[in-house]
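Asker: What shape does this take:
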Amino acid sequence: MLDGLVLQDNGIPIYVQLREQILAAIGRGLLKPGAQLPTMRQVAVALKIDLNTVQRAYGELEKDGVLTKVQGRGTFVAENPPVKSRKADARALAAQVAAQAKAAGIDLSDLAEALTKMAARQ
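Answerer: Just a heads-up that it's a prediction; the model follows:
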């Protein structure tokens, strides 16, 4: 699972990047329901990030019902992960793109205008 994780210094918090990459791996079927994730300590050491960062990402995914922790056994992909609505996906993607735009020095109103023009063409 750790092989495909790439964290970047792009203005998006590391825990958000980690959370989104775990969600993407689940979405692509790389992590199936019931699959055990590496321990938080293993992730922190492998990615050279603070353990608290990994705890925050795992904690948010557990709160959202995507992961389940089993005392003494580990953290697993939930058997029945919640199905998110398209609006929730759109909001999450918008937040991610906004953070990337901000990090790149792009004004959000310019980004919104560009997205509106793209939508009009489709």
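
Asker: From here on, just use CA atoms for contacts and neighbour counts.
Answerer: OK.

Asker: How about the contacts made by the nearest residue to Gln17 once chain neighbours are set aside?
Answerer: If the residues on either side of it in the chain are set aside, Gln17 comes closest to Leu7, at 6.5 Å by Cα to Cα, 6 or more residues apart in numbering. Residues near Leu7 by Cα atoms under 8 Å, 6 or more residues apart in numbering: Ile14, Gln17, Leu18, Leu47.

Asker: Now flag whichever of those residues is closest to Thr68.
Answerer: Leu18 (16.5 Å; Cα to Cα).

Asker: That closest one contacts Ala57, correct?
Answerer: Yes: taking contacts as Cα atoms under 8 Å, Leu18 lies within contact range of Ala57: 6.4 Å.

Asker: The residue most central in space within the chain and Ala120: what is the separation?
Answerer: The centroid of the chain falls nearest to Glu20 when counting by Cα atoms, centre = their mean (1.1 Å). As judged by Cα to Cα, to the nearest Å, Glu20 and Ala120 stand 28 Å apart.

Asker: Show me the helices in the protein, by range?
Answerer: Assigned by DSSP state H, the chain shows helices spanning 14-27, 40-47, 51-63, 86-103, 108-121.

Asker: Can you tell me the number of residues neighbouring the nearest residue to Asp50 once chain neighbours are set aside?
Answerer: In space, and not counting its chain neighbours, Asp50 is closest to Ala44: 5.8 Å by Cα to Cα, 6+ apart. Neighbours of Ala44 under the rule other Cα atoms under 10 Å: 17.
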